[in-house]
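>>> no FASTA, just this:
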């Protein structure tokens, strides 16, 4: 009996958590129009979560693309179709690896920064102080961070795919000797606009999910040192699971 | 404020870089033009006995140049044939009505595509026209089956089996007529 009760309680708690996240999202959406007036705050956050994540995204993209070129080449060579390396790398990067790895790195780089920043603001009563001064912390602090991250994520994914493509080209064409003409022409023939669209939709969805989890965990962090640490950890773990789950969902929708 | 200036510059160049990457991906990695579906085109249908693994989105080409794409594949329960609807770019609106449509394979194991060969009629295909002369896909399994049957038949005379493999791949479309 107690097991059933435990399951039920956990289920109810999970539903409550989901409801709290949804209400938080609605609260943010309500104040978004007025938050857009302070565009300088959003620009600052685009810099923080986008431009500062650029180096890790580009490095990761280069190596992922190079691995894709190397692995793809060795496998395709067995079937004598190494000319298709371009289309294999491009589809893999645009539809899956670009959005997913960017989102995972983004959750690690920008998501944790957001969560710990907001958590520390909570722990040091800065958020309460704002409320005291009749400044809505959601409007002034949370929404600019959320919007900055949501805007940055698809752009980072596009940069990741581009650098990855360059990495695949570097290994495939420059080192392994795939013909550069067939690399690009097969890619152009095999990649359709819908592939890019799919990747773009995925990266937007992952960006919203990641940023929402990060600001939610940070905003409602337990106001202690341990609480902030836990919020940061939960941000990464929950983001990773949600990203991979949504990836499966979106892929099956687009097929 | 110099601090805010560098910050704006950083954020601005990041956004510009992101959009440049997106622009490069959309224009350079895809076969832009026909696949966008935005430019004017007209639809032509053709019935085939067997389309192999032709798919929606497969190219339609004439003289090796891509002029359109397959937009719909259906099955006709009246005469048990596959009905292939092709969307052809309006630029190529002077294809004779007695043109002939065949299904070919890209490379040895590549995907299928529809190849059109022009006829000699004075009238041109227009939206809703049907191509009457079609040739089915070259199905590798059928060809292997025929080859095995032939080689079994001519196994008594050794010379017959020798030229069978040469004849097979050279004229794939005639075999499956």
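Nice, I can see it. None of the values given here were measured: they were computed from a predicted structure.

>>> Distance from the chain centre to stretch A:112-122, please.
When C-alpha coordinates are averaged (C-alpha atoms, centre = their mean, to the nearest Å), stretch A:112-122 and its chain have centres 18 Å apart.

>>> That stretch and chain B in contact?
No. With C-beta under 8 Å from any C-beta of the partner chain as the criterion, chain B is not reached by stretch A:112-122; the gap is at least 15.4 Å. Backbone N, C-alpha and C define where each C-beta goes, glycine included.

>>> what's next to that stretch, contact-wise?
Contacts to stretch A:112-122, defined as C-beta atoms under 8 Å, 6 or more residues apart in numbering or on different chains, come from residues A:48-49, A:127, A:137, A:141-142, A:145, A:149, A:211, A:214-215, A:217-221, A:223, A:227-228, A:231-232, A:234-236.

>>> Helices along chain B, start to end?
B:2-28, B:140-153, B:158-170, B:172-175 (DSSP state H).

>>> From chain B, how far out is residue A:212?
21 Å (C-beta to the nearest C-beta, to the nearest Å).

>>> from memory that residue sits against residue A:27, does it?
No. In terms of C-beta atoms under 8 Å, residue A:212 does not count as a neighbour of residue A:27; the distance is 11.5 Å.

>>> So between those two, which is more surrounded?
For residue A:212 against residue A:27, the residue with the higher neighbour count under other C-beta atoms under 10 Å in any protein chain shown is residue A:212, and the figures read 21 against 16.

>>> just checking, what packs against the strand or helix carrying the more buried one?
Under the criterion of DSSP states H and E, residue A:212 resides in helix A:193-219. Identification of packing neighbours for helix A:193-219 by 3 or more C-beta pairs under 8 Å, 6 or more residues apart in numbering or on different chains; DSSP states H and E yields helix A:2-35, helix A:98-106, helix A:112-123, helix A:143-169, helix A:225-254, helix B:2-28.

>>> gap between that helix and the chain center?
Helix A:193-219 has its average C-alpha position 5 Å from the chain's average C-alpha position, going by C-alpha atoms, centre = their mean.

>>> Just give me the neighbour total for residue A:197.
With neighbours defined by other C-beta under 10 Å, the count for residue A:197 comes to 14.

>>> Which pLDDT value does the model give it?
The predicted local confidence for residue A:197 comes out at a pLDDT of 90.

>>> State the distance from it to residue B:58.
Taking C-beta to C-beta, to the nearest Å as the measure, residue A:197 and residue B:58 are separated by 20 Å.

>>> cool, and residue A:136?
Taking C-beta to C-beta, one finds residue A:136 at 55 Å from residue B:58.

>>> between these two, which one's more packed in?
For residue A:136 and residue B:58, the more surrounded residue by other C-beta under 10 Å is residue B:58, and the numbers stand at 21 against 15.

>>> is the residue lying closest to that one once chain neighbours are set aside in a bridge, and if so with what?
With C-beta to C-beta, 6 or more residues apart in numbering or on different chains as the criterion, residue B:58 has its nearest non-adjacent residue at 4.6 Å, and that residue is residue B:70. Taking DSSP bridges, one obtains residue B:86 as the residues bridged to residue B:70.

>>> again, but for residue B:74
Bridge pairing for residue B:74 (DSSP bridges) gives the partners residue B:83.

>>> who's in contact with residue A:36?
With contacts defined as C-beta under 8 Å, 6+ apart, the neighbours of residue A:36 are A:42, A:147.

>>> Residue A:222 and residue A:230 touch, don't they?
Yes. In this structure, residue A:222 sits in contact with residue A:230. The criterion is C-beta under 8 Å, and the distance is 6.8 Å.

>>> Enumerate the residues of chain A near chain B.
Within chain A, the positions adjacent to chain B are A:40, A:43-44, A:46-47, A:50-51, A:54, A:79, A:81, A:90, A:94, A:151-152, A:154-156, A:158-159, A:161-162, A:165, A:184, A:187-189, A:191-193, A:195-196, A:200 by C-beta under 8 Å from any C-beta.

>>> So what's the residue count around residue A:233?
The tally of other residues near residue A:233 (other C-beta under 10 Å) stands at 13.

>>> no no, residue A:150
Taking other C-beta under 10 Å as the criterion, the count of residues near residue A:150 is 21.

>>> Residue A:224 now?
Residue A:224 - counted by other C-beta under 10 Å - has 12 other residues nearby.

>>> contacting residues around the residue in chain A that chain B sits nearest to?
Residue of chain A nearest chain B, by C-beta to the nearest C-beta: residue A:155 (2.5 Å). Each residue near residue A:155 by C-beta under 8 Å, 6+ apart is listed here: A:50, B:14, B:15, B:17, B:18, B:19, B:21, B:22.

>>> helices and strands of chain B: which one bottoms out on pLDDT?
helix B:172-175 (a mean of 45; mean pLDDT, DSSP states H and E).

>>> Residue 44: neighbour count?
In the absence of a named chain, chain A is used. For residue A:44, the count of nearby residues is 19 (other C-beta under 10 Å).

>>> sorry, should have said chain B
For residue B:44, the number of neighbouring residues by other C-beta under 10 Å comes to 25.
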